[in-house]
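Student: I would like the atomic coordinates for the input below:
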Amino acid sequence: MRIGEIAALVGVTPRAVRHYHQLGLLPEPVRRANGYRSYTVRDAVLLARIRRLTELGLGLDEVRDVLADDGGRELVEVLEELDDDLRRQEAVLHERRSRLAGLLAQARAGRLTAEGPVSPALAELFHDMAQASAGLPESPMAAKDREMLTLLETVAPAGAERERLMGAMRAMAEAPGAAARAHDVYVRLDALADASVSDPRVAEAAGALADLLPPEVVSGLGDDGGVPGDSALADVFFAEFSPAQEAVIRLALRLVRERAGAG
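Tutor: Model prediction:
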């Protein structure tokens with residue numbers, strides 16, 4: 001058989017056959033007097049084995065090791081490793097499909113936000129917040145708040161801590177009059193965008209914000225200003241606010257902690 005014939009028989013390309021020759025996976029066959037390669041059935045069997053191994057997902061270096069192992073032990077080990085790897089990939093794909101299903105549900109319900117994709121719990125919270133504040137003027141601080149909640153959900157430890165934080169945020173949003181009080185705080189903070197930290201409105205806004213924040217929300221935040229104990233994240237967090245706005249947030253968090261301690 002010539003190279004085109006053996007390639008067609010096994011179901012590979014002549015280019016692949018030449019590549020296997022270059023890598024030493026497939027020995028060079030004898031050549032006829034006219035210079036053409038002459039392949040045998042044995043060559044076709046070996047080429048078919050190479051194809052089957054690569055189709056399983058083995059790399060060419062692994063294929064070389066398998067072919068060099070006459071006892072078959074290398075093949076068993078490689079296939080076991082491949083099976084473990086495929087099992088891990090399957091678990092990852094399952095988790096991704098589960099997340100994708102949640103995003104599709106959000107999209108079909110019209111709940112995808114500009115900050116998304118987010119978890120179904122946070123998407124529902126954003127939706128309820130939007131419904132509660134329908135008809136009110138859009139606030140720059142409200143938009144920042146949604147962005148920071150999205151970031152906080154991403155970096156918060158997965159599991160019970162994240163669920164606790166989302167549960168506390170939901171309880172805060174569902175409290176009677178929460179939407180109106182939140183809008184009032186947003187307006188106060190927006191008004192302090194260019195103010196001095198000594199502005200008397202800072203203390204007033206901090207008090208209003210402290211009245212809005214339940215201790216359950218603050219207890220899961222770090223002492224560095226309301227984010228988990230990560231200085232880099234704290235820098236990112238406060239970089240979004242003016243000095244007066246930052247002073248409001250820090251003072252409000254301190255007030256909530258003091259009230260909780262006094263209680």
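Student: residue contacts, the nearest residue to R170 once chain neighbours are set aside?
Tutor: Nearest residue to R170 in three dimensions, chain neighbours excluded: L125, at 5.7 Å (CB to CB, 6 or more residues apart in numbering). Quick note: C-beta positions are derived from backbone N, CA and C, even for glycine. Going by CB atoms under 8 Å, 6 or more residues apart in numbering, L125 touches 149, 166, 169-170, 173.
Student: do D145 as well
Tutor: For D145, the contacting residues are Y186, by CB under 8 Å, 6+ apart.
Student: in what helix or strand does it lie?
Tutor: Using DSSP states H and E, D145 falls within helix 140-155.
Student: list the buried ones in that helix?
Tutor: The neighbour-count check on helix 140-155 (16 or more other CB atoms under 10 Å) flags 141-142, 144-146, 148-153 as buried.
Student: residues making contact with stretch 241-250?
Tutor: So stretch 241-250 is in contact with 141, 144, 188-189, 192-197, 199, 201-202, 205-206, 209, 225-226, 238, going by CB under 8 Å, 6+ apart.
Student: How far away from the center of its chain is it?
Tutor: 30 Å (CA atoms, centre = their mean, to the nearest Å).
Student: Pull out the buried residues from the contacts of stretch 241-250.
Tutor: In those, burial by neighbour count holds for 141, 144, 188-189, 192, 195, 199, 202, 205-206, 209, 225-226, 238, counting by 16+ other CB under 10 Å.
Student: Sort out which of those residues are in helices and list them.
Tutor: 141, 144, 188-189, 202, 205-206, 209, 238 (DSSP state H).
Student: quick one: which of the residues you listed is nearest to V45?
Tutor: Taking CB to CB as the measure, V45 lies nearest K144 of these, at 66.9 Å.
Student: Against A171, how distant is the closest one?
Tutor: 22 Å (CB to CB, to the nearest Å).
Student: I'd guessed G4 sits against P14; true?
Tutor: Yes. Assessed by CB atoms under 8 Å, G4 is found in contact with P14 at 5.5 Å.
Student: If you count surrounding residues, which of those two has more?
Tutor: More crowded of G4 and P14, by other CB atoms under 10 Å: P14, with 14 against 11.
Student: Return the residues in contact with that one.
Tutor: Contacts of P14 (CB under 8 Å, 6+ apart): 3-4, 7.
Student: One more: R31?
Tutor: With contact taken as CB under 8 Å, 6+ apart, R31 is in contact with 37-38.
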